[in-house]
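S.K.: Return atomic coordinates for the entry below.
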Amino acid sequence: MIYTVTFNPSLDYIVKVDDFKTGQVNRTASERLFPGGKGINVSIVLKNLGFDNVALGFIAGFTGREIETRVRDFGCSSDFIEIENGLSRINVKLKSQEESEINGRGPQISEEALEKLFAQLDRLKKGDVLALAGSIPSSMPSDTYERIMARLENRGIDIVVDATKELLKKVLKYHPFLIKPNNHELGDMFGVTLKNDDEIILYGKKLQEMGARNVLVSMAGDGAIFLNEDGSVHKSAAPSGEVKNSVGAGDSMVAGFLAGYLESGDLAAAFKMGVAAGSASAFSEELATRQEVSDLLNKI
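M.R.: Sure, this is the predicted structure:
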């Protein structure tokens, strides 16, 4: 089974205003509401691609219950831990002449609640896949990812980590199956600005030397680079298309990679599926569907 963890899920309220002006009343041209959070995005795209999975994490209040309802509306299973106090956050994404975001904080997550999540993860079995995605809320210990990976070490569980900077660096010693920084995040980890593919490959290999098995580097409109644990390097340009929405494209790439790998057992094929899924979400107002991914896969 595939499991995803989203520590701080959200309701994403996406509104379009034709000509937004500060200091006065504005009317929306359209509005949509989605369950949000990187792990949840991975779950939804995996389900769209035909792979059952279980979304884990923390929810609180009426917003939390709505998140869970909407996640299940996408066909995903969930086993969220409900926090007694507070509310799951609402993130407002305003699209007008420019795009602006206001992200909520979310509930306080206690050590007791965290232990409940650890207990859930302790039930994972050999052959299961776990995707850890996103930042850690300020109310949680900064070493939470490390604690999870230490508990699951040497149990035959493939762990994917989509995080940034020190959060990612500190888990490399546990040999995650896959990590997915983008090119800017990769440079930030080493305090450099990466100017070309050769430099991206050089620093991606440094992450492998530090313990990562497979490294997938997304580069937005420039495509992606994949460093396979067998030492091979794969590059892919992004397929052509109109970018409509960048939210969730990286998460979709992770989901597509996992789907491709579980279908074929081939990491190179998984890379192509990841690129197709990430691009399909970028070219859509919503997250990628199986048909959209299949259409793009033929162009890569």
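
S.K.: average model confidence for stretch 15-26?
M.R.: Average pLDDT, stretch 15-26: 95.

S.K.: which outside residues touch it?
M.R.: Under the criterion C-beta atoms under 8 Å, 6 or more residues apart in numbering, residues Arg27, Thr28, Ala29, Ser30, Glu31, Val92, Lys93, Leu94, Lys95, Ser96, Gln97 lie in contact with stretch 15-26. All C-beta spots, glycine's among them, are computed from the backbone N, C-alpha and C.

S.K.: which SS class is the last one?
M.R.: For Gln97, the secondary structure call by DSSP: H, G, I helix; E, B strand; the rest coil comes out as coil.

S.K.: Grab the nearest non-local neighbour of it.
M.R.: Phe20 (6.7 Å; C-beta to C-beta, 6 or more residues apart in numbering).

S.K.: The one you found: neighbour count?
M.R.: 16 (other C-beta atoms under 10 Å).

S.K.: Next, it: phi, psi?
M.R.: Backbone torsions of Phe20, given as degrees, to the nearest 10, read phi -70, psi 130.

S.K.: do you know how far it is from Asn26?
M.R.: Note on Phe20: its distance to Asn26, by C-beta to C-beta, to the nearest Å, is 5 Å.

S.K.: Just the helices from the stretch 51-200 of the chain, written as ranges.
M.R.: 61-73, 111-121, 144-152, 165-169, 183-190, 197-209 (DSSP state H, counting those that start in this stretch).

S.K.: any chance of those helices in CSV, plus mean neighbour count, distance to Pro137 and mean pLDDT?
M.R.: Below are those laid out as CSV (neighbours: other C-beta atoms under 10 Å; distance: least, C-beta to C-beta, whole Å; pLDDT from 0 to 100):
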stretch, mean neighbour count, distance to Pro137, mean pLDDT
helix 61-73, 18, 14, 97
helix 111-121, 14, 11, 96
helix 144-152, 17, 9, 95
helix 165-169, 16, 12, 87
helix 183-190, 18, 19, 94
helix 197-209, 17, 25, 97
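
S.K.: returning to that earlier point: closest one of the contacts of stretch 15-26 to Asp266?
M.R.: Using C-beta to C-beta, Lys93 comes nearest to Asp266 of the contacts of stretch 15-26, at 36.1 Å.

S.K.: Spatially nearest residue to that closest one, not counting backbone neighbours?
M.R.: Lys93 sits nearest to Ile14 (C-beta to C-beta, 6+ apart), 4.6 Å away.
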